[in-house]
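Engineer: next comes the sequence, and after it the predicted model I'd like to discuss.
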Amino acid sequence: MAMTDCLFCKIVAGELPATKVAETDATLAFRDINPQAPTHILVIPKAHYVNAAEMVLADPDLTTRVMEEAVKIADSEELSQGYRLLFNTGKDSGQEVFHVHLHILGGKPLGPMVSV
Ligand code: 5GP
Ligand code: ZN
């Protein structure tokens, strides 16, 4: 169900613009507005879940579809040298948008995963 105050639900509903990369009945992929790598795409389920933990418990098949879509997009974006898939989940991860989204990052060597 769409959440009225959710940024990514508004993108799904067409109420906010996004540079779409791919769409299925259950998922939408669009370019991140503030890319952290030459290729930075977000894959989301159209249904609203707060984070990956909530989605995987509620709908494992949908979680698989989001992951499959990310792998297909990585292929179509020619990320054959490798890429990173990332779900920020909760406060310590730095999650800022609370509609689950899978980051696809690539297009250059990405370096260490985290700085501490
Ligand atoms: P998080 O930190 O929650 O894992 O990542 C949220 C991501 O959403 C960030 O990389 C941020 O740049 C991106 N983002 C935030 N607002 C928008 C928006 O309105 N449009 C798009 N395309 N990306 C957004
Ligand atoms: Zn939402």
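Structural biologist: Arrived safely, thanks for sending. Ligands and ions are numbered 1, 2, ... in the order given.
Engineer: quick one: is the lengthiest helix in the chain near ligand 1?
Structural biologist: Longest helix in the chain by number of residues (criterion: DSSP state H): helix 60-76. No: if you take CB under 6 Å from any ligand atom as the test, helix 60-76 misses ligand 1, and the best it gets is 13.8 Å. In this view, the C-beta of every residue, glycine as well, is placed from N, C-alpha and C.
Engineer: okay, buried residues for that helix please.
Structural biologist: 62-63, 65-66, 69-70, 73-74 (16 or more other CB atoms under 10 Å).
Engineer: so the helix or strand just after that helix, near ligand 1 or not?
Structural biologist: Counting by DSSP states H and E, the next helix or strand C-terminal to helix 60-76 is strand 83-86. No: against ligand 1, strand 83-86 shows no contacts by CB under 6 Å from any ligand atom, the least distance being 7.4 Å.
Engineer: list the helices and strands strand 83-86 packs on?
Structural biologist: helix 60-76, strand 102-106 (3 or more CB pairs under 8 Å, 6 or more residues apart in numbering; DSSP states H and E).
Engineer: mean confidence for it?
Structural biologist: Taken as a whole, strand 83-86 has an average pLDDT of 98.
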